[in-house]
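Asks: Could you work out the structure for the sequence below:
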Amino acid sequence: MVQRISREEVAHVARLAQLALSEDELDAFTSQLAAVLDHAADLEALNVDDVEPSTHPFPLKNVLRIDDPGEVFAIEEVIEVAPEVEEGQFRVPRILGES
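Replies: This is a model prediction of the structure:
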């Protein structure tokens, strides 16, 4: 494995990003970034000249299902089993500090 990024380069990028890294973090990130760059090099080395560009690995057409309505409940039945009801509607907790 050829070293694709040095510890100094990782430290430089960390400074540009205004990140304070410990010595252990610097070593860990150098190793991790080197592995990412090695993987990118492996992908770059692949011969994909005969591979057509695609947006999905499988040839899919319309993958939407038919919208068939299922069982319908009467409003009275649903309201009857609701945890909280107010003026014939579901009562839900307030959010975002609304009053």
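Asks: Tell me the spacing between Ile79 and Glu87.
Replies: For Ile79, the distance to Glu87 equals 11 Å [C-beta to C-beta, to the nearest Å]. Glycine gets a C-beta too; all of them are placed from N, C-alpha and C.
Asks: One more: Ala35?
Replies: Distance, Ala35 to Glu87, by C-beta to C-beta: 60 Å.
Asks: same deal with Ala45?
Replies: 67 Å.
Asks: returning to what we had before: neighbour count winner among Ala35 and Glu87?
Replies: Per other C-beta atoms under 10 Å, whichever of Ala35 and Glu87 has more neighbours is Ala35, with 12 against 5.
Asks: Number of residues surrounding Val10?
Replies: 21.
Asks: quick one: it and Ala28 touch, right?
Replies: No. Look at Val10 against Ala28 with C-beta atoms under 8 Å: they stay out of range, at 9.7 Å.
Asks: start to end distance for stretch 42-49?
Replies: The first residue of stretch 42-49 is 15 Å away from its last residue (C-alpha to C-alpha, to the nearest Å).
Asks: How far does it sit from its chain's centre?
Replies: Centroid separation between stretch 42-49 and its chain, computed with C-alpha atoms, centre = their mean, to the nearest Å, is 26 Å.
Asks: what comes into contact with the biggest helix by length in the chain?
Replies: Counting residues, the longest helix found in the chain (DSSP state H) is helix 23-45. The contact list for helix 23-45, computed with C-beta atoms under 8 Å, 6 or more residues apart in numbering, reads 1, 3-7, 10-11, 14, 21.
Asks: List only buried entries from these.
Replies: Buried members of the contacts of helix 23-45, counted by 16 or more other C-beta atoms under 10 Å: 5, 10-11, 21.
Asks: What is the nearest of those residues to Ile75?
Replies: Leu21 (59.1 Å; C-beta to C-beta).
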